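Trainee: Structure, please.
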Amino acid sequence: MTSIANIKLNETRVINHLDSSIQKKKRFFEMGLLPNTEITLINKAPFKGPVMIKVKDYSLSLRLCDASKIFVNSL
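Mentor: Numbers count the residues shown, from 1 in each chain. Predicted coordinates:
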């Protein structure tokens with residue numbers, strides 16, 4: 001198990017759990033980042049910038065600190 005911040009480009013994984021406060025979990029859930037949801041890492045900005053992931057049929061950008069709190073498993 002690893003976080004979204006540590007996976008490779010174009011790698012598809014399944015969200016396992018969110019290691020975050022209640023407020024952030026609610027925000028993640030509202031964005032569609034639920035356990036057992038498939039995500040694909042589309043892009044990583046340099047210098048510890050944001051990451052872009054594909055969730056269902058849309059793209060989503062996350063700060064690296066937020067992406068490091070979302071843990072994923074391989075398919």
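Trainee: Going by C-alpha atoms from here, please, whenever you check contacts or count neighbours.
Mentor: Will do.
Trainee: buried set for stretch 63-75?
Mentor: Using 16 or more other CA atoms under 10 Å as the burial criterion, the residues of stretch 63-75 that qualify are Leu64, Asp66, Ala67, Ser68, Lys69, Ile70, Phe71, Val72, Asn73.
Trainee: Next up, phi/psi of the third one, please.
Mentor: When read as degrees, to the nearest 10, the backbone of Ala67 gives phi -60, psi -30.
Trainee: Provide a list of residues in contact with it.
Mentor: Contact analysis of Ala67 by CA atoms under 8 Å, 6 or more residues apart in numbering lists Ser3, Ile4, Ala5, Val51.
Trainee: Isn't Val51 up against Leu64?
Mentor: Yes: at 6.3 Å, Val51 counts as touching Leu64 under the criterion of CA atoms under 8 Å.
Trainee: Now list whatever residues contact both of the two.
Mentor: With CA under 8 Å, 6+ apart, Val51 and Leu64 have common neighbours Ala5.
Trainee: Done for today, thanks.
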